[in-house]
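# can you look at this prediction? I've put the sequence above it.
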Amino acid sequence: MDDQKQFLGDSPEFLSVIRAAGLVAPTDATVLITGESGTGKELLSRYIHNNSRRRQQPWITINCAALPESLAESELFGHAKGAFTGAALNKKGWVQAADGGTLFLDEISELPLSIQAKLLRLLESGECQGVGHGQISRVNVRVVAATNKHLPDLVREGGFREDLFYRLNIVPLTLPPLRDRLQDLSLLINLFMARVSTKNALPQTRFHPKALAVLRAYSWPGNIRELRNFCERVSILNAGQTLVVDDLPVEMRQGQDVPWAGERAAFVLPDEGLNFLQMERDLLDQALRRSAGNKSRAARLLGFSRDTFLYRLKKFSIPV
């Protein structure tokens, strides 16, 4: 699929991230992608690689959370024959396999502290040393890392090296959660529904307007991944139907008092209109004042996750 079609949306929060990714992609800068689970961090990393000068070279992806701590060093940097029990042959690691290309380290927050120093050395000098190897080798690897955790908190708690954080955080990109880009929901639903229908040769499923209103009011804790899986499920189980509110999963319907088609909303737009951006900025300032600068408490006051709140502070250039 064409790279531009991988990212569908018109919301300013989303488009600003894609524009930044397009600017950094042709460089060799290290990138740290943050965002909640399911927002598309791996997809964004692949977009960066595919639009870089390394696009014809390897793209290696590692889930750091899936690396057993006892084998993490060997998996990443390789080992020499006889370095430990079971090491019958010399083995290259994933870092060497990515030489010339891009190494994507997903869930970087889960990388054992014992390995973080070696990753820092790789980032600073391109040097790596396999387990049991006496000789240091050099590789030309671009690193893109991703996490759904707030790394500065982990640094303060001693779970992540501060020097490694700053070395990874050269170009930070934060993907907004789906609840912050709900204007893109209809576009994404149409895309996923069409894909499933085409793939399975099924008539396309549609939603009644009120059902769509419920979907827009839902918080989508699983973000794009949850939406994609939902669309696939209903497209297969309800092929060719028009779904109403009662057809939606109970967790999407619970507690929803959704205004639509003329029903009275909880907030009424003044006849003279309003400056929405200024209102948003004012609410951020008020939340910070009421929480005495505690960003986690301020985020809760506005119903945001901490990462979403920090993203909005950056949007208005409010010091974080």
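On my side now, so go ahead. Numbers count the residues shown, from 1 in each chain.
# ranges for the helices of the stretch 151-300 of the chain?
Per DSSP state H, counting those that start in this stretch, the stretch 151-300 of the chain carries helices over the ranges 151-157, 162-168, 185-200, 209-217, 223-237, 250-253, 276-290, 295-301.
# save those as TSV, and put in mean pLDDT too.
Shown next, in TSV, are the helices of the stretch 151-300 of the chain (pLDDT from 0 to 100):
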stretch	mean pLDDT
helix 151-157	94
helix 162-168	96
helix 185-200	93
helix 209-217	92
helix 223-237	95
helix 250-253	86
helix 276-290	86
helix 295-301	83
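# tell me which of those lies nearest to Leu76.
Nearest of the helices of the stretch 151-300 of the chain to Leu76, taken as CB to CB: helix 162-168 at 13.8 Å. Just so you know, the C-beta spots here come from the backbone N, C-alpha and C atoms, and that holds for glycine as well.
# list the buried residues of the closest one.
Leu164, Phe165, Arg167, Leu168 (16 or more other CB atoms under 10 Å).
# related to what we said a few turns ago, next, format the helices of the stretch 151-300 of the chain as a markdown table and append distance to Thr174.
Formatted as a markdown table, the entries for the helices of the stretch 151-300 of the chain read as follows, by distance: least, CB to CB, whole Å:
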| stretch | distance to Thr174 |
| --- | --- |
| helix 151-157 | 12 |
| helix 162-168 | 14 |
| helix 185-200 | 19 |
| helix 209-217 | 23 |
| helix 223-237 | 13 |
| helix 250-253 | 26 |
| helix 276-290 | 16 |
| helix 295-301 | 14 |
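# closest one to Val144 among those helices?
Across these (criterion: CB to CB), the nearest stretch is helix 162-168, sitting at 9.4 Å.
# list of residues touching that closest one?
30, 32, 108, 116-117, 119-120, 123-124, 143, 145, 151-152, 155 (CB atoms under 8 Å, 6 or more residues apart in numbering).
# give me the subset of these lying in helices.
Within these, residues falling in helices by DSSP state H are Gln116, Ala117, Leu119, Leu120, Leu123, Glu124, Leu151, Pro152, Val155.
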